[in-house]
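Colleague: Sequence below, structure please.
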Amino acid sequence: PPAPGADDARRRLALLGAREREVALAVAEGRTNAEIAAGLHMSVPTVKSHVSHILTKLELNNRVQIALLVYRAGSV
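Modeller: Predicted coordinates:
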């Protein structure tokens with residue numbers, strides 16, 4: 001069964017662009033910025049920028065909150 005708040009979590013993740021969602025998923029998998037950059041073929045500063053945008057758009061404070069939101073949405 002989906003985690004509590006799954007619908008809300010999915011709605012919030014839908015606010016992200018495609019690359020931001022990819023980065024959010026990688027964050028939820030516990031990957032470092034360098035690992036995300038290598039896996040998604042982007043620079044580390046670009047990954048940092050995406051993480052910053054994700055935090056701002058979703059009104060979150062840290063990477064753990066990104067991971068929890070992705071988990072609640074059932075994306076991991």
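
Colleague: low-scoring pLDDT stretches of this structure, where are they?
Modeller: Filtered on pLDDT under 70, the chain yields the residue ranges 1-4.

Colleague: Any figure for the gap between the closest residue to A73 other than its chain neighbours and A38?
Modeller: For A73, ignoring the flanking residues on the chain, the nearest one in space by C-beta to C-beta, 6 or more residues apart in numbering is A9 at 3.8 Å. C-beta coordinates here come from the backbone N, C-alpha and C atoms, glycine included. Separation of A9 from A38 (C-beta to C-beta, to the nearest Å): 27 Å.

Colleague: element containing the residue sitting nearest the centre point of the chain?
Modeller: Computing the C-alpha centroid of the chain and ranking residues by C-alpha atoms, centre = their mean puts A24 first, at 1.5 Å. Here A24, judged by DSSP states H and E, is contained in helix 18-28.

Colleague: same check, this time on P45
Modeller: With DSSP H and E as the criterion, P45 is inside helix 44-57.

Colleague: In that helix, which residues are buried?
Modeller: Using 16 or more other C-beta atoms under 10 Å as the burial criterion, the residues of helix 44-57 that qualify are 46-47, 50-51, 54-55.

Colleague: and which of those residues is nearest to G74?
Modeller: The shortest approach to G74 among the buried residues of helix 44-57 belongs to I54, at 17.7 Å (C-beta to C-beta).

Colleague: wait, which of the buried residues of helix 44-57 is closest to I66?
Modeller: I54 (5.9 Å).

Colleague: Please verify my assumption that the closest one contacts L60.
Modeller: Yes - contact criterion C-beta atoms under 8 Å: I54 and L60 qualify, at 7.2 Å.
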